[in-house]
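*Asks:* take a look and give me a structure for this.
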Amino acid sequence: ERARDMLITRELINQEALNRGVIANPAVQDQLEEARLNILVGAVFDDYIKRDGVTDVELKAAYDQVKGQFEGKEYKVRHILVEKEAEAKAIISKLKAGEKFEDLAKANSKDPGSAVNGGDLNWMNPQALVPEFSKAMVALDKGQMTDKPVKSQFGFHIIKLEDVRESKVPTVAELKPQLIQMMAQDQNWQKAKFEEMLAKLKSKAKVQ
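*Replies:* This is a model prediction of the structure:
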């Protein structure tokens with residue numbers, strides 16, 4: 001409905017501009033042409049950057065700056081989140097008595113994203129978790145769970161570590177869109193690239 005209203009509004013304005021003759025006004029024509037040129041400049045520059053405006057050397061330099069964020073270990077972990085410490089302690093007692101972690105997570109965890117999956121958070125990077133959780137998690141051995149509740153801003157956690165592996169570091173090609181976006185945030189870089197693009201265009205053109 002909104003899209004339909006926008007189309008109707010656009011057509012009404014177009015027709016009224018024709019009826020009033022403002023579309024033929026030289027000042028209006030100049031502004032329309034300027035707006036069109038600005039849009040084309042932005043579109044051409046974006047396409048230039050995406051296709052061939054970034055060298056392999058630039059990509060490698062940007063990649064070296066961020067690849068450290070992906071290095072390290074990943075942890076396959078489950079947790080049960082409850083509001084009160086007493087609840088967490090009671091659940092730990094049940095786990096030590098032989099009850100299944102997955103069943104207790106489904107029945108008690110306040111984390112809607114993982115409770116339905118038996119508390120499974122899948123593979124996690126410690127940096128993606130709150131510090132208290134990460135600290136307790138990395139201190140566990142494979143197959144071990146925390147014997148005391150871990151307090152965070154969300155409540156009290158019981159954490160079980162299922163597996164550990166080395167993180168898979170993405171390749172330059174896989175990160176290329178993000179790397180270009182990162183470089184494009186530097187206005188000086190953008191300016192230099194725009195001037196580079198113009199120089200290339202002028203070198204190919206026959207200006208009389």
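
*Asks:* residues contacting Leu121?
*Replies:* Contacts for Leu121 (C-beta atoms under 8 Å, 6 or more residues apart in numbering) come out as 77-79, 114. Every residue, glycine included, has its C-beta placed from N, CA and C.

*Asks:* out of those residues, who has the most neighbours?
*Replies:* His79 (27 neighbours; other C-beta atoms under 10 Å).

*Asks:* just to revisit the earlier point, got a markdown table for the contacts of Leu121, with pLDDT too?
*Replies:* Listed next are the contacts of Leu121 as a markdown table, based on pLDDT from 0 to 100:
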| residue | pLDDT |
| --- | --- |
| Val77 | 97 |
| Arg78 | 97 |
| His79 | 98 |
| Ser114 | 96 |
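
*Asks:* contacts only, for the residue positioned nearest the centre of the chain.
*Replies:* In the chain, the centroid-proximal residue (C-alpha atoms, centre = their mean) is Gln178; its distance is 9.2 Å. Contact analysis of Gln178 by C-beta under 8 Å, 6+ apart lists Val66.

*Asks:* show me what secondary structure element comes after the helix or strand where it lies.
*Replies:* Assigning secondary structure by DSSP states H and E places Gln178 in helix 172-184. Using DSSP H and E, the helix or strand that follows helix 172-184 towards the C-terminus is helix 187-204.

*Asks:* for that following helix, what is the distance to the chain centroid?
*Replies:* 29 Å (C-alpha atoms, centre = their mean, to the nearest Å).

*Asks:* could you tell me how many residues sit around Ile23?
*Replies:* Other residues within reach of Ile23, judged by other C-beta under 10 Å, total 13.

*Asks:* appreciated, that's everything.
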